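[1] Quick check, what structure comes out for this input:
(2 chains)
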Number of protein chains: 2
Amino acid sequence: MRKFVVIVAGGKSVRMGGDIPKQFIEIKGKPVLMHTIEKFYNYDKLISIVIVLPHLQIAYWEELCRKYNFGIRHRVVEGGHERFFSVRNGLEAITDDNSLVAIHDGVRPLVSEETIARCFEVAETSQCAVPAVPAVDSIRIVTAGEGNKAVDRSLVRLVQTPQTFNTTLLKKAFYQQWEARFTDDASVFESDGNVVTLVEGNVENIKITSPADLIIAENLMR
Amino acid sequence: MRKFVVIVAGGKSVRMGGDIPKQFIEIKGKPVLMHTIEKFYNYDKLISIVIVLPHLQIAYWEELCRKYNFGIRHRVVEGGHERFFSVRNGLEAITDDNSLVAIHDGVRPLVSEETIARCFEVAETSQCAVPAVPAVDSIRIVTAGEGNKAVDRSLVRLVQTPQTFNTTLLKKAFYQQWEARFTDDASVFESDGNVVTLVEGNVENIKITSPADLIIAENLMR
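    Have a look, this model is predicted:
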């Protein structure tokens, strides 16, 4: 089956005149997003790569590609005002429905090739594969009236990306109405009546969201 | 109210002839456990400090204290074969029941003084204060029959230490029978019919459990 990856590097970090969005910060000689793209390219040189970027960042990204002489072919698609709409735009760029698509966070450059391989392999038979790791911390759920209750930690999984799906089923799921509880693609897929299958992720596959995360990522890349 | 802290540095990492337990590894010029102790001492020079260590590590710890000329007064208590029994042993060393006690992981040297202060302040009125931070990742709960379901991320809290309690109530809770679901002190406290109050933790307050965590901690200490 043909493989696609939609790498979402949009989100709300677009600040004119503000900080550089995390996906463009240089670590180990190149922007985070280029490291991320390389992981999928190294996994499979024939994978089709779609990058979703906010409108205001597209010209800057093209400039970076020239500056770093970045040679991996990819298409760039414009993002929406919520991650959900960015993913939907990325999916619209895929016309080959008899395929698998991985949706990945642009700021997760530490995904392992093993995780990517596991996701595509399981999605081929299960229509869906979502990488996850066990929780290290104890977990509580906030309940009504300012209460909270413990959750059995052995049952908790922290979800990562690339969340990988049968393209036709995922596209259909993304034509539901947006809801605030859609924090990832698996929740969108599940909400449309599909079953979510978890696979093993890799613990280093962190999402770079803070300056501390950048330091961590830089060290983990060594 | 008088303040105590029981720092638990025991657990299953005791391997004769194996790796050095994480609490003894040197970062920024001294063992992790000394950094942890200093955080509580700096918060309040009058706090009473109890360290719980596995029997086989006590002589080594005393040697480290001499070697590093470690001057902060503390008592050392022998640990049990589960964290639960180690905490119970630490609590037995506290005879002043009209007091507050913080239970802290020895391998969390990055707790902030603000988090410690918040815990003691809230525990004074609520009998309990447990530091927690929001989840960054999406979370799923494994259900019967290999299924799983999404949890609303905005309701999820990752629990840290120092979990801080009214000493009398916590001691009573620790005379329950041990259960596998007691992954932290709050779950023991709650299981005895008490209400758990969450307070804001600090995101850097990670638990050092892997070599990668050590690198992270070292960088965060800069």
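[2] all contacts plus neighbour counts: C-alpha atoms, from now on.
    Will do.
[3] Spell out which residues of chain A are next to chain B.
    Of all the residues in chain A, those in contact range of chain B (C-alpha under 8 Å from any C-alpha of the partner chain) are A:137-143, A:147-148, A:150, A:152-153, A:155-160, A:181, A:183-184, A:187, A:196-197, A:212, A:215-216, A:219-220.
[4] Got a ChimeraX select line for the buried ones in the residues you listed?
    Burial among those is assessed by 16 or more other C-alpha atoms under 10 Å in any protein chain shown; the matching ChimeraX selection reads:
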select /A:137,138,139,140,141,142,148,150,152,153,156,157,158,159,160,183,184,187,196,197,215,216,220
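[5] Helices - which of the residues of chain A next to chain B land there?
    Members of these lying in helices (criterion: DSSP state H): A:187, A:212, A:215, A:216, A:219, A:220.
[6] now the residue in chain A sticking out farthest from the centre, what's its secondary structure?
    Most distant residue from the mean C-alpha position of chain A: residue A:145, 34.1 Å away (C-alpha atoms, centre = their mean). Judged by DSSP: H, G, I helix; E, B strand; the rest coil, the three-state class of residue A:145 is helix.
[7] returning to that earlier point: pull the most distant pair out of the ones in helices among the residues of chain A next to chain B.
    A:187 and A:219 (31.7 Å; C-alpha to C-alpha).
[8] Counting by contacts, list what the longest helix along chain A packs against.
    Looking across chain A with DSSP H, the single longest helix is helix A:113-126. Helix A:113-126 sits against helix A:32-43, strand A:99-105, strand A:128-134, strand A:163-166, strand A:198-200, with contacts defined as 3 or more C-alpha pairs under 8 Å, 6 or more residues apart in numbering or on different chains; DSSP states H and E.
[9] change it to 7 Å
    Other elements packing on helix A:113-126 under the criterion 3 or more C-alpha pairs under 7 Å, 6 or more residues apart in numbering or on different chains; DSSP states H and E are strand A:128-134, strand A:163-166.
[10] With just CA atoms, put the helix or strand of chain A with the lowest mean pLDDT into CSV.
    Least confident helix or strand of chain A, by mean pLDDT, DSSP states H and E, is helix A:211-220 with a mean of 83. The C-alpha trace of helix A:211-220 is given here as CSV (Å, rounded to 0.1, in the frame of the first residue of the first chain):
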residue,chain,number,x,y,z
PRO,A,211,12.8,25.8,25.9
ALA,A,212,13.6,22.9,28.3
ASP,A,213,12.3,20.4,25.8
LEU,A,214,14.7,21.8,23.2
ILE,A,215,17.6,21.2,25.5
ILE,A,216,16.4,17.7,26.2
ALA,A,217,15.9,17.0,22.5
GLU,A,218,19.4,18.3,21.7
ASN,A,219,20.9,16.0,24.3
LEU,A,220,18.9,12.9,23.3
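[11] centre of the chain versus that helix, how much separation?
    18 Å (C-alpha atoms, centre = their mean, to the nearest Å).
[12] Likewise for stretch A:175-188?
    14 Å.
[13] what's it in contact with?
    With contacts defined as C-alpha atoms under 7 Å, 6 or more residues apart in numbering or on different chains, stretch A:175-188 is touched by A:163, A:173, A:174, A:196, B:138, B:150, B:152.
[14] What's opposite the residue nearest to residue A:55 when sequence neighbours are not counted in the beta bridge?
    Using C-alpha to C-alpha, 6 or more residues apart in numbering or on different chains and skipping the chain neighbours, the partner closest in space to residue A:55 is residue A:78 (5.5 Å). Bridge pairing for residue A:78 (DSSP bridges) gives the partners residue A:53.
[15] List the contacts of residue A:78.
    By C-alpha under 7 Å, 6+ apart, the contact list for residue A:78 reads A:52, A:53, A:54, A:55.
[16] cutoff 10 Å now
    By C-alpha atoms under 10 Å, 6 or more residues apart in numbering or on different chains, the contact set of residue A:78 is A:8, A:10, A:51-58, A:85-87, A:89-90.
[17] So for these, which is the shakiest by pLDDT?
    On pLDDT alone, residue A:10 ranks lowest of those, at 73.
[18] Hmm, that one is touching residue A:51, no?
    Yes: with contacts counted by C-alpha atoms under 10 Å, residue A:10 reaches residue A:51, the gap being 9.2 Å.
[19] Looking only at neighbour counts, state which of those two leads.
    The neighbour comparison of residue A:10 against residue A:51 (other C-alpha atoms under 10 Å in any protein chain shown) goes to residue A:10, with 27 against 24.
[20] For the more buried one, which non-adjacent residue is spatially closest?
    In space, and not counting its chain neighbours, residue A:10 is closest to residue A:53: 4.7 Å by C-alpha to C-alpha, 6+ apart.
[21] From what I see, the one you found and residue A:86 are in contact.
    Yes: counting by C-alpha under 10 Å, residue A:53 touches residue A:86, with 8.0 Å between them.
[22] list the residues that contact both of these two?
    Common neighbours of residue A:53 and residue A:86 (C-alpha under 10 Å, 6+ apart) are A:7, A:8, A:9, A:10, A:11, A:77, A:78, A:79, A:80.
[23] who's in contact with residue A:42?
    residue A:113.
[24] Tell me the confidence at it?
    Note for residue A:42: predicted pLDDT of 98.
[25] what's the spacing between it and residue B:217?
    Residue A:42 sits 31 Å away from residue B:217 when distances are taken as C-alpha to C-alpha, to the nearest Å.
[26] Ok, residue A:81 next?
    35 Å.
[27] Compare these two and say which one has the larger neighbour count.
    A direct count of neighbours by other C-alpha under 10 Å for residue A:81 and residue B:217 places residue B:217 higher, at 23 against 11.
[28] quick one: the more buried one and residue A:4, what's the gap?
    Distance from residue B:217 to residue A:4, by C-alpha to C-alpha: 37 Å.
[29] now swap in residue A:69 and tell me
    Distance from residue A:69 to residue A:4, counting by C-alpha to C-alpha: 23 Å.
[30] more neighbours, the two?
    Of the pair residue A:69 and residue A:4, residue A:4 is the one with more neighbours under other C-alpha under 10 Å, namely 24 against 9.
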